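J.: A structural model of the following input is requested.
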Amino acid sequence: MIRKSKINHPIFILSIFILIVNDFYLKRIFHNQITGKLSDFTGLFAFPFFLSAVFPKHTKSIHVLTALFFLFWKSTLSQPFIDFVNLTGLNTVRIVDFSDNIALISILLSYLLLDKISVSDVKPLFLKFMVCISLFSFVATTQKRIYQEPTYEDGFKKINILNLYDGSVIAIINFKYTEKDLALDTSLNNKFNRLDTLRIMAKENKEFITPIKFGDSVKFSRNFSVTILDTTGKTLLTYNTVAFLKAAEKDVYNKKNPTEYNENWELKIGYKEPLPTALIYGRWKVTSTQKKNYVSFEIREDYYYDVVPDSEVARYIIKDSILTVLLQEEKLRGKILSLTDKNLTVKWRNRDIVKYEKLFD
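T.: Numbers count the residues shown, from 1 in each chain. Below is the predicted model of the structure:
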């Protein structure tokens, strides 16, 4: 027995296929706004098309009511209705995002296509299959996916923090996704979706497990941040997403700057570029005209020397980037701000910034 219908049109079949693949695969892998919009566009095309093929005398009314219901569904007014439906155990979910209303154009496309194509012969078995698969896709697209609680062994991305400070620090990592993010991708709502505090001892490395599984191209949470405190609670460093990725170690294998899609991230805190000691050796003359009270000095391989023209004998010690001048009656200490083969800038403890020029090595 052969029946006539528009339900076997290739565009309709393709839209059902895309709707199912997107809801059961693409959303789980990519978790972004594109997959969410794709469900809206394909669903708003397939749903009124399907009902109009089944009830052809009510095509116009079906399309108008579909548009009105979608506007209601995407508004806050629908929340009591969704809460009532969820009492049945259907776990229905939707995101209030008015930009989704752009998908209403799919309803118009469905109406125009139905008006142009004619009914064709459909075998009863295929017709029953398309009815069942269509109804399944329409219900499935509104369901909240529930995944098994993950464990570390499931393979989650992680952040490694190496503390190169001389003392211990407190790292506060906020990787908690918003309710809107979790509604789009419930797989992120696992035990690793959290704000956590790590105490990291000097020269110690600790790892933070993120809620993102290996292979998933998921961006960081909207509120992502890393805050580093000393043991007194003083803030030493703060990172948002951009600052964190800039500070994280480069991908050793691909030699690329890290992105939100890396498998792991390495963050060194308290790291200091080693002082190029070979450049510090030589005779330095003050070039800051307003700093006449500072004398020239000379540094050799033992990090100090006692030859200072027109001045008392002094000893100079350099440790890391801190320069200490030991005079007979006082001690000066400053931080080296910049050092090249010809120029040196020091910020002394009294906040004077003095520039020096190398006379000879």
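J.: please make it C-alpha for all contacts and neighbour counts, starting now.
T.: Will do.
J.: next up, phi/psi of Ser225, please.
T.: phi -160, psi 150 (degrees, to the nearest 10).
J.: for it, give me its contacts.
T.: By CA atoms under 8 Å, 6 or more residues apart in numbering, the residues touching Ser225 are Ile172, Ile173, Asn174, Phe175, Thr238, Tyr239, Asn240, Thr241.
J.: which members of those residues are classed as buried?
T.: Buried by 16 or more other CA atoms under 10 Å: Ile172, Ile173, Asn174, Phe175, Tyr239, Thr241, out of the contacts of Ser225.
J.: against Ile318, how distant is Lys335?
T.: Distance, Lys335 to Ile318, by CA to CA, to the nearest Å: 10 Å.
J.: coming back round to it: turn the contacts of Ser225 into CSV, columns for secondary structure.
T.: Compiled in CSV, the contacts of Ser225 are given as follows (DSSP: H, G, I helix; E, B strand; the rest coil):
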residue, secondary structure
Ile172, strand
Ile173, strand
Asn174, strand
Phe175, coil
Thr238, strand
Tyr239, strand
Asn240, coil
Thr241, helix
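J.: which one of those residues is nearest to Gly270?
T.: Nearest to Gly270 out of the contacts of Ser225 is Thr238 (CA to CA; 12.4 Å).
J.: secondary structure class for the nearest residue in space to that closest one that is not next to it in sequence?
T.: Leaving aside its sequence neighbours, Thr238 sits nearest to Thr227 (CA to CA, 6 or more residues apart in numbering; 4.5 Å). Put simply, Thr227 is strand when judged by three-state DSSP.
J.: can you give the distance of stretch 155-174 from its chain's centre?
T.: 17 Å (CA atoms, centre = their mean, to the nearest Å).
J.: just the mean pLDDT for that stretch, thanks.
T.: Average pLDDT, stretch 155-174: 90.
J.: can you list contacts of that stretch?
T.: 194-214, 223-231, 263-271.
J.: which of those residues are buried, as a PyMOL select command?
T.: Those of these that count as buried under 16+ other CA under 10 Å are selected in PyMOL with:
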select buried, resi 194+199+200+201+207+208+209+210+211+212+213+214+224+225+226+227+228+229+230+263+264+265+266+267+268+269+270
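J.: who's in contact with the residue nearest to Thr238?
T.: Going by CA under 8 Å, 6+ apart, Thr227 touches Ala171, Ile172, Ile173, Thr235, Leu236, Leu237, Thr238, Tyr239.
J.: now do 6 Å
T.: Applying CA atoms under 6 Å, 6 or more residues apart in numbering, one finds that Thr227 lies in contact with Ala171, Ile172, Leu237, Thr238.
J.: what pLDDT is listed against it?
T.: The model's pLDDT for Thr227 equals 93.
J.: looking at the buried ones among the contacts of Ser225, spot the one nearest His58.
T.: Using CA to CA, Phe175 comes nearest to His58 of these, at 49.5 Å.
J.: tell me the helices in the stretch 1-150 of the chain, going along the chain?
T.: For the stretch 1-150 of the chain, the helices defined by DSSP state H, counting those that start in this stretch cover 10-21, 27-30, 33-54, 59-73, 79-86, 105-116, 124-140.
J.: Lys158 bridge partners, please.
T.: Ile209, Asn264 (DSSP bridges).
J.: excluding chain neighbours, what is closest to Leu359?
T.: Arg283 (5.5 Å).
J.: most centrally placed residue in the chain?
T.: Phe220 (2.4 Å; CA atoms, centre = their mean).
J.: helix/strand/coil for it?
T.: Assigned by three-state DSSP, the conformation of Phe220 is coil.
J.: that one: what's its closest spatial neighbour, skipping adjacent residues?
T.: In this structure, Phe220 finds its nearest non-sequential neighbour in Glu260, 6.4 Å apart by CA to CA, 6+ apart.
J.: for the nearest residue to Tyr261 once chain neighbours are set aside, phi and psi?
T.: Counting by CA to CA, 6+ apart, Tyr261 lies nearest to Ser217, which is 5.5 Å off, once chain neighbours are set aside. For Ser217, the backbone dihedrals are phi -100, psi 70 (criterion: degrees, to the nearest 10).
J.: where does Ser217 land on pLDDT?
T.: On the pLDDT scale, Ser217 gets 84.
J.: spatially nearest residue to Leu109, not counting backbone neighbours?
T.: Counting by CA to CA, 6+ apart, the residue nearest Leu109 is Phe45, at 7.0 Å.
J.: thought that neighbour was touching Ile107?
T.: Yes. The pair Phe45 / Ile107 is scored as a contact, 5.3 Å apart, by CA atoms under 6 Å.
J.: more neighbours, those two?
T.: For the pair Phe45 and Ile107, the greater number of neighbours falls to Phe45 (27 against 24), based on other CA atoms under 10 Å.
J.: and the more buried one, what does it touch?
T.: Phe45 sits next to Ser106, Ile107, Ser110 when contact means CA under 6 Å, 6+ apart.
J.: which residues does the last one contact?
T.: It stands for Ser110. Phe45, Phe49.
J.: cutoff 8 Å now
T.: Residues near Ser110 by CA under 8 Å, 6+ apart: Phe45, Ala46, Pro48, Phe49.
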